[in-house]
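K.L.:
A structural model of the following input is requested.
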Amino acid sequence: MTILSDSSPSPSAPPLAGVRVIDLSMFLAGPFCTQQLADLGAEVIKIEPRSGDSTRLLPPHFHQGESLYFLSTNRSKKGMVLDLSRPDGQAILHRLAATADVVIDNYRPGVTRKLAADFDTLSRINPRIVCCSISGYGQDGPYAQRPAYDMIVQALSGGMSLTGEPGHRAVRAGVPIGDICAGLHAVIGILAALREREQSGRGQFVDISMLDVQVSMLSYQGVYHLFSGEVPGRQGRGHASIPTYASFQASDGQDVLICANTEKMWACLCDVLERPALTADPRFLTNELRHAHRAELEPILADAFAERSCADWIGRLTRAGVPCAPVNSVADALADPQVRHRDMVRDVEHARGGTVSVLGNPVRLSRSACAPFRSPPLLGQHTDEILRGLDYRQEQIHAWREQGVVA
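P.N.:
Numbering: from 1, shown residues only. Prediction:
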């Protein structure tokens with residue numbers, strides 16, 4: 001099974017059609033990763049214990065008894081219940097792995113070995129298998145066995161220390177960047193391993209650390225510190241290098257965000273704000289000077305923005321070519337005409353009836369379509385189908401069900 005190439009007979013097929021993924025992960029980082037792969041056409045088989053992924057029961061919102069948290073990251077997958085603590089369960093996994101391209105987990109290091117689901121074991125069965133483990137700290141190092149969650153890696157990485165208002169306590173990012181970005185880097189690693197396999201014929205192990213990902217996301221702030229020794233603090237609503245890259249409150253209380261990053265944009269901003277004299281002020285002649293005198297510039301800009309409504313400013317700034325945006329609520333963002341035009345809000349029919357609105361996939365390819373969105377699986381929904389596809393007889397499946405090996 002390989003990724004479709006330009007010579008594939010069906011160029012409109014999803015790009016990962018024919019790739020089989022075994023998903024042993026739960027909660028957020030792993031399921032988000034495998035949902036991206038499913039959207040791109042991979043067959044994703046989600047294997048859960050009899051109790052199911054714990055997010056199936058996560059409040060506060062439910063549709064037909066299923067948590068919207070679970071529904072948000074598990075569409076278009078097949079669902080199977082398998083007890084991997086039992087030898088028969090492990091034997092089933094091994095037969096399935098022989099047919100698969102990728103196995104993903106987010107267990108703590110060492111757990112997959114106890115379940116006979118580790119790369120060394122599975123690669124002996126299928127030398128082409130790509131295994132990916134997403135963990136808090138990676139497979140080695142002094143923290144490897146510690147538990148980790150999104151907010152913990154935000155805190156440890158230093159990123160949380162940058163978030164919040166100067167002079168106040170640090171706050172977590174409003175979206176789960178620790179989990180989501182780890183999931184995205186897992187997708188990158190898996191696709192890279194599949195591409196390399198086309199040359200070598202062999203799979204490999206992909207080790208994704210949530211903390212590694214968050215440290216890499218320090219980007220220029222981390223490099224600034226390594227060069228200067230200075231420790232950056234809370235960034236608030238502004239930018240460390242560009243004082244006209246910030247948000248200001250309009251007269252109606254809504255914030256307007258501007259990104260006037262060039263001298264031309266600065267001049268246009270001053271015209272829109274009806275403060276043309278600022279362009280000749282010796283304190284603000286260049287970005288370097290504006291940065292040095294930002295404490296004097298910011299209140300001037302704040303006073304100007306307080307004179308009109310957010311919508312008024314957005315119209316004026318847009319016409320003048322100054323990059324800007326309202327600081328939308330989630331409701332505003334999901335109703336935005338650009339977001340809707342790009343199909344970033346989609347309806348999915350649920351297996352138990354009715355429809356659920358979900359977020360779209362941002363990947364757009366010129367020739368290959370993403371796979372149609374399908375309902376997240378009910379717990380164990382496709383167990384029998386998958387086992388029959390592995391040539392197990394119905395009597396054996398029934399016996400395993402009676403024993404609790406499958407459900």
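K.L.:
Next, count neighbours for residue 188.
P.N.:
12 (other Cβ atoms under 10 Å). (C-beta placed from N, C-alpha, C; glycine too.)
K.L.:
How much space separates it from residue 181?
P.N.:
Residue 188 sits 10 Å away from residue 181 when distances are taken as Cβ to Cβ, to the nearest Å.
K.L.:
ok, now residue 371?
P.N.:
The gap separating residue 371 from residue 181 is 23 Å, by Cβ to Cβ.
K.L.:
Ok, residue 235 next?
P.N.:
Relative to residue 181, residue 235 is positioned 18 Å away (Cβ to Cβ).
K.L.:
More neighbours: the two, which one.
P.N.:
Using other Cβ under 10 Å, the more surrounded residue of residue 235 and residue 181 is residue 181, with 21 against 16.
K.L.:
helices and strands around the strand or helix carrying that one, which ones?
P.N.:
Element membership for residue 181, per DSSP states H and E: helix 177-200. Helices and strands in packing contact with helix 177-200 are listed as helix 29-39, strand 102-105, strand 130-135, helix 150-157, strand 205-209, helix 210-216; criterion 3 or more Cβ pairs under 8 Å, 6 or more residues apart in numbering; DSSP states H and E.
K.L.:
Put the alpha carbons of it into CSV.
P.N.:
What follows is helix 177-200 as a C-alpha-only set of coordinates in CSV (Å, rounded to 0.1, in the frame of the first residue of the first chain):
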residue,chain,number,x,y,z
ILE,A,177,-2.0,24.0,21.0
GLY,A,178,0.1,21.3,22.9
ASP,A,179,-2.2,18.5,21.6
ILE,A,180,-3.1,19.9,18.2
CYS,A,181,0.4,20.9,17.2
ALA,A,182,1.8,17.5,18.3
GLY,A,183,-0.9,15.8,16.2
LEU,A,184,0.1,17.9,13.2
HIS,A,185,3.8,17.1,13.6
ALA,A,186,2.8,13.4,13.8
VAL,A,187,1.1,13.7,10.5
ILE,A,188,4.3,15.3,9.0
GLY,A,189,6.5,12.6,10.5
ILE,A,190,4.2,9.8,9.2
LEU,A,191,4.0,11.2,5.7
ALA,A,192,7.8,11.7,5.6
ALA,A,193,8.3,8.0,6.7
LEU,A,194,5.8,6.8,4.1
ARG,A,195,7.6,8.8,1.4
GLU,A,196,11.0,7.4,2.5
ARG,A,197,9.5,3.9,2.5
GLU,A,198,8.9,4.2,-1.3
GLN,A,199,12.7,4.4,-1.7
SER,A,200,13.8,1.9,1.0
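K.L.:
Next, the contact list for residue 386, please.
P.N.:
Residue 386 makes contacts with 45, 78, 80, 96, as judged by Cβ atoms under 8 Å, 6 or more residues apart in numbering.
K.L.:
does the first one sit in a helix, a strand or a coil?
P.N.:
Yep, that's residue 45 we're talking about. Three-state assignment for residue 45 (DSSP: H, G, I helix; E, B strand; the rest coil): strand.
K.L.:
Bridging across strands, which residues link to it?
P.N.:
Note on residue 45: beta-bridge partners by DSSP bridges are residue 22, residue 78.
K.L.:
tally of neighbours for it?
P.N.:
By other Cβ under 10 Å, neighbour count at residue 45 equals 26.
K.L.:
so who does it touch?
P.N.:
Remark: with contacts taken as Cβ under 8 Å, 6+ apart, residue 45 is in contact with 20-23, 77-80, 96, 100, 382, 386.
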